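[1] sequence and predicted structure are below.
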Amino acid sequence: MQASDVQVELSVSVGVAMYPQDGTAMASLLHRAELALHQAKAEGTGRIGFFSLALSRVAEERIALEKALREALQGGGLQLHYQPQVELASGRLHGLEALACWEHPTLGFIPPTRFIPLAEECGLMGGLSRWALDQACRQLALWRREGLTVPVVAVNLSASNFQSPELPAIVAQTLERHGLQASDLIVELTESTLLDSQGSTLQTIERLHAQGVRLSLDDFGTGYSSLSYLRRLPIAELKLDRSFVADLEHAPTARALSAAILGIGTSLGLTVVAEGVETAGQKEILQDQGYQVVQGYWFARPMAPQELAGWMGSWCSSASRSSRT
Ligand code: C2E
Ligand code: CA
Ligand code: CA
């Protein structure tokens, strides 16, 4: 179709619910046809979807989960756990990554890989990230008041957060509310955020950087045009994706790539963090390659805030340090 001087491609998706097997009342038939349409659109354009009971179950579960997530965001069901990042040479704490977790009273443990995409789909990501930024900053300030030396906290943000021009102001207000400096916070973003890059995303990144907040490129090596982004964007840190670390001991190509990524990062003056370190063997290979900052179950699992003091106490004792780093 031609609209003004623009060629527009139209496509049609159809959702089908049949009378009487899928329902006898108009309202429920329409509702079920809508579910089938939603499914058809999720599978691509120009498709026909038919209602089924399985479809109805999936949709009902999703609706229940969405409702639970809204309640958790308002009522405090979500928590942040913190995973230490360690400097290999000194054994010192480099920083903490804040990771959201959700233990629902009846639905049980729901992993972030499930509720983060759901939050994204239901338009809850803005609220979730505001909550995560506030919690992480509040906790960092509290630890410091208690005398714990935590250099920096890293918060994960999603692509949609960067499309919001309000993000830099939200970050600045949150830091101010908790008496923190911009250098106390690292914001982690993935390459998918950058692939998505509209002008607004790039502007938000630039403004955060101008405020003094460091940006860390998460899951590095799994996306596409990493190198051109590194050249254009004010990134301070790369996080080697844990899939490389998992293969280090067995795959020469993973070793070659982790060395290459460290080389790229250090030559650009970036901190390179290797994440997902689970074994002494992986740690040794990374150390030999020159990695300075590591994160993974070998050092510590993500922990509730009240566990940090105990972990730091045992970590700092020389016995534990010499056996782990
Ligand atoms: P991520 O940002 O790459 O976070 C690291 C994930 O690896 C975490 O999973 C962490 O528990 C896990 N991990 C850490 N060390 C190891 C290890 O040695 N071995 C293995 N196998 N895994 C390790 P988690 O907590 O399930 O989070 C999954 C993803 O969910 C995160 O991946 C991040 O993309 C997203 N996410 C978590 N919290 C938030 C949040 O507050 N906001 C946003 N936008 N995304 C979040
Ligand atoms: Ca992360
Ligand atoms: Ca990661």
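    Nice, thanks for sending it over. Ligands and ions are numbered 1, 2, ... in the order given.
[2] close to ligand 3, is stretch 184-194?
    No - between stretch 184-194 and ligand 3, judged by C-beta under 5 Å from the ion, nothing touches; the nearest distance is 7.4 Å. Any C-beta I mention is one placed from the backbone N, CA and C, and that applies to glycine too.
[3] now do the same end-to-end measure for that stretch.
    23 Å (C-alpha to C-alpha, to the nearest Å).
[4] only C-alpha atoms, please: export stretch 111-121 in CSV.
    C-alpha atoms of stretch 111-121 as CSV (Å, rounded to 0.1, in the frame of the first residue of the first chain):
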residue,chain,number,x,y,z
PRO,A,111,14.0,-17.1,38.2
PRO,A,112,14.8,-13.7,36.7
THR,A,113,15.1,-15.4,33.3
ARG,A,114,11.3,-15.9,33.6
PHE,A,115,10.1,-12.7,35.3
ILE,A,116,12.4,-10.1,33.6
PRO,A,117,11.1,-10.9,30.1
LEU,A,118,7.5,-10.9,31.5
ALA,A,119,8.1,-7.5,33.1
GLU,A,120,9.4,-6.3,29.8
GLU,A,121,6.2,-7.6,28.0
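[5] starting at the chain centroid, how far to stretch 190-205?
    Centroid separation for stretch 190-205 versus its chain: 15 Å, with C-alpha atoms, centre = their mean, to the nearest Å.
[6] rounded mean pLDDT for that stretch, please.
    The average pLDDT within stretch 190-205 is 80.
[7] in the helix or strand harbouring residue 174, which residues are buried?
    Following DSSP states H and E, one finds residue 174 within helix 167-177. Residues of helix 167-177 classed as buried: 167-168, 170-172, 174-175 (neighbour count, 16 or more other C-beta atoms under 10 Å).
[8] where does residue 129 land on pLDDT?
    Per-residue pLDDT puts residue 129 at 98.
[9] and it, what element?
    Residue 129 is part of helix 125-145, with elements assigned from DSSP H and E.
[10] quick one: the helix or strand just after that helix to chain centroid distance?
    Later in the chain than helix 125-145, the nearest helix or strand by DSSP H and E is strand 153-156. Averaging C-alpha positions (C-alpha atoms, centre = their mean) puts strand 153-156 9 Å from its chain's average.
[11] helices and strands around the helix or strand following strand 153-156, which ones?
    Scanning forward in sequence from strand 153-156 by DSSP H and E, the next helix or strand is helix 159-162. Judged by 3 or more C-beta pairs under 8 Å, 6 or more residues apart in numbering; DSSP states H and E, helix 159-162 is in contact with helix 125-145, strand 185-190, helix 191-195, helix 199-211.
[12] just so I know, which of these lies nearest residue 154?
    strand 185-190 (4.0 Å; C-beta to C-beta).
[13] show me the contact partners of that closest one.
    With contacts defined as C-beta atoms under 8 Å, 6 or more residues apart in numbering, strand 185-190 is touched by 95, 97, 133, 136-137, 152-157, 159, 162, 171, 175, 205, 208, 213-219, 223, 236-237, 239.
[14] of those residues, list those near ligand 3.
    Applying C-beta under 5 Å from the ion to the contacts of strand 185-190, one finds that 218-219 fall near ligand 3.
[15] mean neighbour count added to the helices and strands packed on helix 159-162, as CSV?
    Formatted as CSV, these follow (neighbours: other C-beta atoms under 10 Å):
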stretch, mean neighbour count
helix 125-145, 19
strand 185-190, 23
helix 191-195, 19
helix 199-211, 17
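[16] closest one to ligand 1 among those?
    Distance to ligand 1, taken as C-beta to the nearest ligand atom, is lowest for helix 125-145 among the helices and strands packed on helix 159-162, at 4.1 Å.
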